[in-house]
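Peer 1: One predicted model, sequence on top.
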Amino acid sequence: MWIDISQRLEEGIPSWPGDTPFSYGVVCTKEESGSVNVGQITMSAHTGTHIDAPFHFDSQGKRVIQLEVDRYTGPARVIHLPGVRRIDREALKKADLDGVSKLLIRTDAWTDRRSFPRWIPPVEPEVAPFLAEKGIRLIGLDVPSVDPLDSKELPAHHALARSDIHILEGAVLDRVKAGNYELIALPLPLTDADGSPVRAVLRPL
Ligand SMILES: N[C@@H](CC(=O)c1ccccc1NC=O)C(=O)O
Ligand SMILES: [Zn+2]
Ligand SMILES: [Zn+2]
């Protein structure tokens, strides 16, 4: 059984402060066209459950279409770190990361998903080379960023990119137990984009 770990894309889903709000509307109704309802989607690439392409924080970085689909599919481990202030070596000390290439971290820090969080536990840049050494190629979190929300330098985004670790943000892990799963969280084939919404699902292994 697959577990949906995606936020629903609907009116009112929080977006980054000042960023394009999500909207879906029927721009041509079946009555008007005589055949079909036709919808239009407007949104930021960083709304809901989404991945970041390196172009998001590096103008020379890869765009979404250049990201291999293998990064977003396959075995993944969920670890549960409730109440952590930061995701650093100390917080990860007790986690078993052996043989893991995709790591999802459930922090439970985003408690009211109807509004954008005021604070999130940031990933410390120092963990990027440590995770890479463990063989991790994708990190996913249940919060909207890997950096502090007011960060302009985005040190964790850059450190993860230097360690060749891709980023999944805004996963819904509220009811997901720690353990091993199969993950599918594929970005859309957006040629030029800096990020993409994903439908992220897990299946226990
Ligand atoms: N780094 C965040 C997004 C982000 O920082 C952002 C997204 C939209 C509009 C403004 C943003 N940051 C502004 O400082 C992310 O990866 O989703
Ligand atoms: Zn993002
Ligand atoms: Zn990000």
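Peer 2: Received it, and whenever you're ready, just let me know what you need. Ligands and ions are numbered 1, 2, ... in the order given.
Peer 1: and the protein, which of its residues are near ligand 1?
Peer 2: 16, 19, 44, 46, 52, 56, 144, 145, 169 (CB under 6 Å from any ligand atom). Every C-beta, even on glycine, is put in place using the N, C-alpha and C of the backbone.
Peer 1: Whichever of the residues you listed end up buried, select them in ChimeraX.
Peer 2: Of those, the buried ones can be selected in ChimeraX as follows, counting by 16 or more other CB atoms under 10 Å:
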select :44,46,52,56,144,145,169
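Peer 1: where does the most centrally placed residue in the chain land on pLDDT?
Peer 2: Centroid-nearest residue in the chain: residue 169, 2.0 Å away (criterion: CA atoms, centre = their mean). The pLDDT attached to residue 169 in the predicted structure is 98.
Peer 1: repeat for residue 31
Peer 2: At residue 31, pLDDT is 96.
Peer 1: I'd like to know how many residues surround it.
Peer 2: For residue 31, the neighbour count with other CB atoms under 10 Å is 7.
Peer 1: how far does stretch 43-58 stretch from start to finish?
Peer 2: 21 Å (CA to CA, to the nearest Å).
Peer 1: Counting neighbours, which bits of that stretch end up buried?
Peer 2: For stretch 43-58, by 16+ other CB under 10 Å, it's 43-57.
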